[in-house]
Every structure is written in C-alpha cells, then in structure tokens.
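1. quick one, fold the following:
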Amino acid sequence: MSIYVIDEIMGRGKTSAMINYINESPPDTRFLFITPLLSETDRIARNCSGRNFYQPEAEGGKLNHIKEAFAEHKNIASTHALFGMLDNEAIELIRKAHYTLVIDEVPCTISITDITYYDANNIVKNYADVGEKGRLIWTCDEYTGKYDIYKEAVQRGNIYRYSDMTWVSIMPLELFLSFDDVYIMTYMFEHQIQRCYFDLHDIPYKRKYVAGTSPSTYSLADSPSPIPRLPYKDLIHICDNRKLNKIGESTSALSKNWHVTNVRDTSSPLGKRLRMNAYNYVRNVHAAKAADVLWTTFKKDDRYGFDWQKLIASKGYASGFLSCNAKGTNDYRNRHTLLYLVNRYPNTCIRNFLSAHGIEFDQNMFALSEMLQWIWRSAIRDGEEIWIYIPSRRMRELLEKWLEEVSTDRSSEES
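-> Got it, this is the predicted structure:
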C-alpha cells in the first residue's frame, strides 16, 4: 500500500488529472472517490462515465448501501461525512476487493470528542484502560448503557485520552491501510492535520504532481513542473482602509476567544464595531449587491453554543454566509465581494495533543491554508477579480506575503 499526496495550488488541475488517471486505469481497478460535498460526486460520475460510479443516496441507510456497493465491487463516489462512518465491516470489504482511495481535500482525521469530565473519568475508572499513546481500550464487553456511543468508538480504536477532561477522536488507521493505494489531493499538505495524522502513526507518504496545460492533458507526475507567475496579486484586492482595519491590530483580534468576549454580548463596543465595519464595507466602500457577497465567521455548532452567524450578520450580506472551514464547494464562484471576519488558529487541545507526541506544525501556515481554501470558493477560482475585507492584521499579512510569493516568476529558477 502506498499513500500519494498531490499537493498543488488551487486551479492547477488536480481533479482533472485524477479523472484522467481513473479513466486510463485498467478496467479491474476499483475506486472510492471521496469529496467534501455530495454535489461534487456528480462531477466524478459524469466525467468518468465508463466507470459507472455509484453514489449512495438514501438518508439514514447510506452506510449499508455503500457496504453493499463494496461487496459488489462497484466504483463509488461519496462524501467525507460518509467516509468517516465506515466501520470494521466496511474496512474488511474494502480490503478484500482491493480498492484505490482518492480524497479531494483532507478529511477530519483528528477532532475533540464531546464528553464531560465526569463521564470521561467514570469510563476510564470502570470500563476502559489507557494504552499506548493514550489510546483507550474497552475492557467491559458485556456493558450496555448510556456509554454505548463511547464504547463503540473506543472499540473501533479511534479514541485517545489526552487529559482528564479531553478525549481526542482519531480516524482508525486501518481505514487507510485497507486500500491498495491512497491519493490525497490538496494544497499546503505539510501544514494540515492530515499530515500530523500520518506522522502520529509513522506512516510514510510520497509526493505526486500535476503535469499538462489543460483538462484534457493534465496527468499525475513524479516531479514538479516549472512554476509560472500567477496573477493572483493583481486579482485579489485586499481592503487597506485603516479605519476599518483598526479593529484587528492585535495578534488575537477576531480569534475564537475574541468572539467569545466581544461578539456574544451584543452590547460590546468591539462587537458592534465589527458588525458596522462589515456593513460599511459591503454597502459604502464597495457598494455590493447581496448576491455578490460571500462572508464568513466561525460556525455555530461548537462548544460555546453561540450562533456566531446570527450575531454578526447584517442586512445586505447575511444570505451570503459560508462557514470558514468550507472546502470543495463551487456554489459561490460568482461572488466577488468577500468578508473574512475570523482569525484562524488550530484547536489548542489538538495542537497540544500532537505536541505531546512530538508532532509540531506551523499555526500561521495552518491559518493561511484554511483561509486560501475559503477564498477559492469565490470568483477567483475562475480567474476573476475579487475584493476582500480581512480585519485581522495577522490573517491579512499572511495573505499578502503569500500573494508576493506566488506572483514571483519562478519558472526560470526551477527549470
């Protein structure tokens, strides 16, 4: 089994190269193609028509349907969400049928489990032991009760105990090892949690690149092609209004903790200022119509229990919301006016858990990677100009530095 990472900038043709690879593979090669969104599976099925890709449909029964498809050796196109649900039975079916896995953007392989301090300690005291690297081992097989949901996860081997009140959920390594080969298509892989996941398990991976100049000629290559100058610096216009940007001067401004302090209280001066700045940028600075606006803040389903979207949204741009961790969707490629109202940091518990196991990653580059993925949901993916308000000085400077780097002609240096 080999793991290949196709690490290329957005728009370089990764998906087209993979589609060509699938279409040119021997007929008996079986593929599971995983994308962030269900709508993107249609593209794979449509462009690989000779492969008869199956797309699990029925809500509530998708796991059973995909296992039936594995048993019948079908090519399958599905989502990150369903991939994360695959159980030991599915893993065994994949192994027997010799599938190749293709993942468009990295899935959520490491996350924090929602469990109380009391429940976590009670389980460890009575029903589970702590093994190597903190991996939990369920010791009471006959148990049934309120902890069944945790029992199943622990028995799958994907729960690790970081502290008395923090459990980390890690996707089972056996899921990746069950495939003959794995291809991951992304950008800035080195700074993503998925890379840390492989390092945690001492799993090696190899690089692949994209060759060719058009969708019909894109292919996978073992070495990078010369990198031409990219015009993004001329296409991405970052708001430099000092008055609007003043709110984000500090390193922590617009972070999750900053939102907890300043946004959840609707009477907070800084929260009011953020809402007013966003409205002024849309209505007065850029005079944009609602249908042209794309904006983000933190998603609402987090441990704080606040709906950040509703707390910040204002008339004139509310309907153009897209979560700050969005990847893969093309539904907003007609949006030219962007509001990036967050300051991204990796989850502290996850970062500390990885650090405790000797695995480090650059949190600034992680933030840049996440921001670029979000920005590329907009019209920039079609080479059109966009205008973006990034009040966080930290995030703004990360983007400005990246734009300088990719706008420098390096083709002659690397040829």
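
2. what does the domain assignment say about this protein?
-> Domains of the chain are assigned by automatic domain parsing as 2-109+173-221, 111-170, 232-414.

3. mind checking which helix or strand the nearest residue to residue 131 once chain neighbours are set aside is in?
-> In space, and not counting its chain neighbours, residue 131 is closest to residue 137: 4.9 Å by CB to CB, 6 or more residues apart in numbering. Bear in mind the C-beta positions are built from the backbone N, C-alpha and C, glycine included. Using DSSP states H and E, residue 137 sits in strand 136-138.

4. what's that strand packed up against?
-> strand 128-130, helix 148-155, strand 159-163 (3 or more CB pairs under 8 Å, 6 or more residues apart in numbering; DSSP states H and E).

5. quick check: which ranges of the stretch 301-415 of the chain have low pLDDT?
-> Low-confidence segments of the stretch 301-415 of the chain (pLDDT under 70): 301-304, 408-415.

6. how about the strands in it?
-> Taking DSSP state E, counting those that start in this stretch as the criterion, the stretch 301-415 of the chain contains strands spanning 337-340, 386-389.

7. can you name the farthest residue from the center of this protein?
-> Here the centre of the chain is the reference, and by CA atoms, centre = their mean the most remote residue is residue 142, at 37.3 Å.

8. confirm that residue sits in a strand?
-> No - applying DSSP: H, G, I helix; E, B strand; the rest coil, one finds residue 142 to be coil, outside a strand.

9. out of the strands of the stretch 301-415 of the chain, the one nearest residue 364 is which?
-> Distance to residue 364, taken as CB to CB, is lowest for strand 337-340 among the strands of the stretch 301-415 of the chain, at 15.4 Å.

10. circling back to that earlier point, measure the residue nearest to residue 131 to residue 123 for me?
-> 11 Å (CB to CB, to the nearest Å).

11. any common contacting residues for those two?
-> Listed contacts common to residue 137 and residue 123 are residue 154; contacts here mean CB atoms under 8 Å, 6 or more residues apart in numbering.

12. what kind of secondary structure is residue 63 in?
-> Here residue 63 is recorded as helix under three-state DSSP.

13. which residues does it contact?
-> Counting by CB under 8 Å, 6+ apart, residue 63 makes contact with 82, 85, 86, 87, 90.

14. how close does it sit to residue 70?
-> From residue 63 over to residue 70 the distance is 11 Å, taken as CB to CB.

15. now swap in residue 181 and tell me
-> On the measure of CB to CB, residue 181 and residue 70 end up 16 Å apart.

16. those two: who's more crowded?
-> Each of residue 181 and residue 70 has its neighbours counted (other CB atoms under 10 Å); residue 70 has more, 24 against 15.

17. list the residues that contact the closest residue to the more buried one other than its chain neighbours.
-> Counting by CB to CB, 6+ apart, residue 93 is the residue found nearest to residue 70 once chain neighbours are left out, at 3.8 Å. Residue 93 makes contact with 67, 70, 71 under the criterion CB under 8 Å, 6+ apart.

18. and stretch 286-293, end to end?
-> Using CA to CA, to the nearest Å, the gap from the first to the last residue of stretch 286-293 comes to 10 Å.

19. residues making contact with it?
-> Contacting residues not belonging to stretch 286-293 are listed as 282, 316-320, 334-339, 387 [CB under 8 Å, 6+ apart].

20. list buried residues within these.
-> Among the contacts of stretch 286-293, those buried by neighbour count (16 or more other CB atoms under 10 Å) are 282, 317, 320, 335, 336, 337, 338, 339, 387.
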